[in-house]
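Peer 1: need the 3D shape of this:
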Amino acid sequence: MNHEPRQEWNEPIRIRRLDETDPQMISDAFAQIGSVKPVGQFWQYLAEQAAETRVCLVVAVDGQFAGYVTVNWTPTYPGLAEAGFPEIQDLNVLPNFRRRGIGTRLLDEAEQVAGERSSVVGIGVGLHPGYNVAQRLYVKRGYVPDGRGVTYRDCYVEEGAKVLLDDDFVLHLTRQLPDR
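Peer 2: I've put the predicted structure just below:
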């Protein structure tokens with residue numbers, strides 16, 4: 001676990017919507033750290049953004065790509081889909097930019113986007129230790145469990161069921177957005 005003190009960036013931070021120049025660059029940036037983010041995923045995000053079913057926000061620090069997040073207007077998680085709430089998904093910040101407020105800035109912007117259409121936003125968080133930082137961040141921001149239990153691949157997990165503890169084992173949280 002990283003216990004380095006949190007530092008803020010002094011360099012200019014720019015958050016903008018995904019554009020056609022981004023898919024390959026983002027995929028390559030994650031490949032350089034050994035993480036697989038297929039270029040097709042970002043072309044899909046771009047298509048969904050054009051169809052107005054998703055917004056993908058990209059952050060750069062001093063001109064260097066640092067991460068991204070999406071707001072999905074049509075989530076597949078039943079608890080949000082039934083209520084008509086958007087879901088913040090796929091928050092990723094490159095390791096060199098973590099613990100410097102970049103994720104918080106992305107969430108601020110994603111919540112602002114979500115607030116344009118909804119008074120409530122949801123977010124799912126994995127339950128394995130790789131999500132410890134995200135779990136704490138979301139709670140500190142005022143997200144609370146939606147009270148429906150946990151899901152595996154967007155299906156509710158019944159008591160006594162056996163599931164694989166991987167990225168698809170998720171607890172969904174919601175947050176009432178402040179009036180803007």
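
Peer 1: run through who's touching the lengthiest helix in the chain.
Peer 2: Longest helix in the chain by number of residues (criterion: DSSP state H): helix 102-115. Helix 102-115 has contacts (CB atoms under 8 Å, 6 or more residues apart in numbering) with 9, 13, 15, 55, 57, 59, 61, 66-71, 86, 88, 91, 93, 121, 137, 141, 175, 177-178, 180. Where you see a C-beta, it was placed from the backbone N, CA and C, and this is true even at glycine.

Peer 1: keep only those of those that are in strands.
Peer 2: Among these, the members found in strands (DSSP state E) are 13, 15, 55, 57, 59, 61, 66-71, 88, 91, 93, 121, 175.

Peer 1: my guess is D22 contacts L57, does it?
Peer 2: No: counting by CB atoms under 8 Å, D22 sits too far from L57 to count as a contact (10.8 Å).

Peer 1: returning to what we had before: only whichever of the contacts of helix 102-115 are buried, select them in PyMOL.
Peer 2: This is the PyMOL syntax for the buried subset of the contacts of helix 102-115, where burial follows 16 or more other CB atoms under 10 Å:
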select buried, resi 13+15+55+57+59+61+66+67+68+69+70+71+86+88+91+93+121+137+175+177
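
Peer 1: who is R54 paired with across the strands?
Peer 2: Bridge pairing for R54 (DSSP bridges) gives the partners N72.

Peer 1: what about it, how many residues nearby?
Peer 2: The burial count assigned to R54 is 23, neighbours taken as other CB atoms under 10 Å.

Peer 1: which residues does it contact?
Peer 2: Contacts of R54 (CB under 8 Å, 6+ apart): Y45, E48, T70, V71, N72, W73, T74.

Peer 1: now the residues you listed in a markdown table, with pLDDT?
Peer 2: Converted to a markdown table, the contacts of R54 look like this (pLDDT from 0 to 100):
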| residue | pLDDT |
| --- | --- |
| Y45 | 98 |
| E48 | 98 |
| T70 | 98 |
| V71 | 98 |
| N72 | 98 |
| W73 | 98 |
| T74 | 96 |
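
Peer 1: would CSV of those with distance to Y131 be doable?
Peer 2: Output for these, formatted as CSV (distance: CB to CB, whole Å):
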residue, distance to Y131
Y45, 21
E48, 24
T70, 17
V71, 19
N72, 18
W73, 24
T74, 24
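
Peer 1: any of these buried? List them.
Peer 2: Judged by 16+ other CB under 10 Å, buried ones among the contacts of R54: Y45, E48, T70, V71, N72, W73.

Peer 1: among those residues, which one lies nearest to G147?
Peer 2: Nearest to G147, judged by CB to CB, of the buried ones among the contacts of R54 is N72 at 20.8 Å.

Peer 1: against Q135, how distant is the closest one?
Peer 2: Using CB to CB, to the nearest Å, one gets 20 Å for the distance from N72 to Q135.

Peer 1: got the phi and psi for the closest residue to G124 other than its chain neighbours?
Peer 2: Counting by CB to CB, 6 or more residues apart in numbering, the nearest residue to G124 once its immediate chain neighbours are dropped is V170, at 4.2 Å. Backbone torsions of V170, given as degrees, to the nearest 10, read phi -130, psi 150.
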